[in-house]
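S.K.: The sequence and its predicted three-dimensional model are supplied below.
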Amino acid sequence: PLSLLKDPTLLKTDALINGEWLSGSSRFAVTDPATGEHLADVANLGAADAEVAIAAANAAWPAWRAKTAKERSIILRKWFDLIMANQDDLGRIMTAEQGKPLAEAKGEVAYGASFVEWFAEQAKRVNGETLPQFDNNRRLLVLRQPIGVCAAITPWNFPIAMITRKVAPALAAGCTVVIKPAELTPLTALAAAELAIRAGIPAGVLNMITADANNSIAVGKRICASDIVRHISFTGSTEVGRILMAQSAPTVKKMSLELGGNAPFLVFDDADIDSAVEGAFASKYRNAGQTCVCTNRFYVQAGVYDEFVTKFAAKVSTAKVGNGFDADVNQGPLIEEAALQKVERHVQDALGLGARLLCGGQRLTGTGSGQFYAPTVVADATADMLCAREETFGPFAPVFKFTTEQEAIDAANATEFGLASYFYSRDIGRIWRVSEALEYGMVGVNVGILATEHVPFGGVKQSGLGREGSHHGMDDYVEIKYVCMGDI
Ligand code: ADP
């Protein structure tokens, strides 16, 4: 699939430090999850390289910070234009290494680019404040200044968007960055870095350290221990988020964390059921269930339960599973064997505890790499099942039954996570009550997809810290400085 790129020079396999591409002393393999085919060997850097990248970012910081907001904005806008001009190639690279269907991959490229466009605009709006004086001889100001060298550690499920969502606001604010992309999807990340260089982002301002799973741990440790790195933005598992937070305590780093979710999707008796079924499918099966905002638990009120599960299972049965490069496929492979095992464990556990299988329920052996799992729906799910507590991160939809609104809210909130939540209702009073009662950073009402670049994306409880996108998305990359001027 990669031989069909319009611009083969986008396929980078070396790491980027201080504007130079480095081959590293060893390499690690990147494979296509749909076929198992070997795609490339990528530079495997370590902790010492991370130190060099951090020093490069630090050295590049004064000149980048000193550019006017408009100068940074123009360069970022150029990066946006180049990403969009290369949308097809970036989508191809992404489908090859990540597996999501090509149309979805190209959609992610546009979504990823939209953060660069948005923050190119926001660069010009990092405004300070003047405050009323407490003494007429004084004047009180608030400056907003770039925080410094920032690190971004990103996951494989959105190989470009999770990078741009962090890097674009950092660069816009006047910070420099060291990025450690996911070891499963470094090729999309490196192509985006190549386009950043072409856009004129100066050497050292954007550095990308590629590393395999082992070296990623060492690189992460070095980043956390560094006095120079002032901020870490991480998207990934809650488990790794906790490790990074603990490792960052000695240097008291600022952190943005976008961690696991356990999204509930509530369908009330007064909902438009056909619309709820569409929203349920979109929310659950995007990226084959491998997003942190994918619904994990469906709660449906008794009066519409049978209708919903019947229609939903019928809809899920129409999903076309296969290689993301094949036309009409809307469900790609899972990213790795461990991901399949987790789905299997959750499905088996649910069936063992009395859930009723409506569709799917097994691996699709004989399809490509064998990393495909049939989209699965079960009814009669209960609170004692693993799927009620843990994020499945795969194409498994358990449907629970509830009677009262309070019961649904309590069940939805009975988790340490609090990222996305969804509900369907046509009752305006209920819409307000439930929106306010859900302990989540994001609530979708009568929609199954809610992310876009100009809204604040993020979680409460153990789903994380900070918000990405929107005008709030700049806050984490800016320090507030109070200046008190006397003798006026
Ligand atoms: P996922 O569950 O999405 O695979 P992970 O949290 O395992 O997410 O990984 C997300 C990112 O965090 C990847 O870039 C991975 O290399 C990196 N990572 C994993 N473990 C560590 C660690 N101990 N320190 C630093 N980075 C890590």
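M.R.: Thanks, I have it. Numbering: from 1, shown residues only.

S.K.: For the residue in the stretch 201-350 of the chain positioned nearest to the ligand, give me its contacts.
M.R.: The ligand sits closest to residue 220 of the stretch 201-350 of the chain, with a gap of 2.3 Å, by Cβ to the nearest ligand atom. Yep, even glycine has a C-beta here, placed from its N, CA and C like the rest. When contacts are counted by Cβ atoms under 8 Å, 6 or more residues apart in numbering, residue 220 touches 153, 180, 243-244, 247.

S.K.: Could you identify which of the residues you listed has the most neighbours?
M.R.: Across the contacts of residue 220, neighbour numbers were computed from other Cβ atoms under 10 Å; residue 180 holds the maximum, 27 neighbours.

S.K.: I'd say that residue and residue 219 touch.
M.R.: Yes. Taking contacts as Cβ atoms under 8 Å, residue 180 lies within contact range of residue 219: 5.5 Å.

S.K.: anything in contact with each of those two?
M.R.: Common contact partners of residue 180 and residue 219 (Cβ under 8 Å, 6+ apart): 50, 209, 211.

S.K.: Pick out the one among the residues you listed with the largest number of neighbours.
M.R.: That'd be residue 209 among those, by other Cβ under 10 Å, with 31 neighbours.

S.K.: what ranges do the helices span in the stretch 1-150 of the chain?
M.R.: Ranges of helices in the stretch 1-150 of the chain, per DSSP state H, counting those that start in this stretch, are 47-66, 69-85, 87-98, 102-122.

S.K.: quick one, which of these is nearest to residue 295?
M.R.: Residue 295 lies closest to helix 102-122 among these, at 17.0 Å (Cβ to Cβ).

S.K.: if we can go back for a sec, which helix or strand contains the residue of the stretch 201-350 of the chain closest to the ligand?
M.R.: Taking DSSP states H and E as the definition, residue 220 sits inside helix 213-225.

S.K.: Next, the angle from that helix to helix 47-66.
M.R.: Angle of helix 213-225 versus helix 47-66, following axes from the mean of the first three to the mean of the last three Cα atoms, to 10 degrees, is 50 degrees.

S.K.: For the closest residue to residue 287 other than its chain neighbours, which residues are in contact?
M.R.: Spatial nearest neighbour of residue 287, chain neighbours left out: residue 100 (5.2 Å); criterion: Cβ to Cβ, 6 or more residues apart in numbering. Residue 100 makes contact with 94, 108, 287-288, 324, 332, according to Cβ under 8 Å, 6+ apart.

S.K.: one more time with 6 Å
M.R.: Neighbouring residues of residue 100 by Cβ atoms under 6 Å, 6 or more residues apart in numbering: 287, 324, 332.

S.K.: Give me the three-state assignment for residue 417.
M.R.: Under DSSP: H, G, I helix; E, B strand; the rest coil, residue 417 falls in the coil class.

S.K.: could you list every residue that touches the nearest residue to it once chain neighbours are set aside?
M.R.: Using Cβ to Cβ, 6+ apart and skipping the chain neighbours, the partner closest in space to residue 417 is residue 262 (4.1 Å). Contact analysis of residue 262 by Cβ under 6 Å, 6+ apart lists 296, 391, 415, 417.

S.K.: Bridge partners for the closest residue to residue 134 other than its chain neighbours, pull those for me.
M.R.: Among residues not flanking residue 134 along the chain, residue 140 sits closest, at 7.6 Å (Cβ to Cβ, 6+ apart). With DSSP bridges as the criterion, residue 140 is bridged to residue 131, residue 484.

S.K.: follow-up on the earlier one: got a pLDDT number for the residue nearest to residue 287?
M.R.: Residue 100 is assigned 98 on the pLDDT scale.

S.K.: Spell out which parts of the stretch 351-488 of the chain neighbour the ligand.
M.R.: Within the stretch 351-488 of the chain, no position lies close to the ligand (Cβ under 6 Å from any ligand atom).

S.K.: What are the contacting residues of the helix or strand where residue 422 lies?
M.R.: Element membership for residue 422, per DSSP H and E: strand 420-424. Strand 420-424 has contacts (Cβ under 6 Å, 6+ apart) with 261, 263-267, 271, 276, 283, 293, 434, 438, 440, 442-444, 446.

S.K.: Touching, residue 90 and residue 109? I think so.
M.R.: Yes. Contact criterion Cβ atoms under 6 Å: residue 90 and residue 109 qualify, at 4.6 Å.
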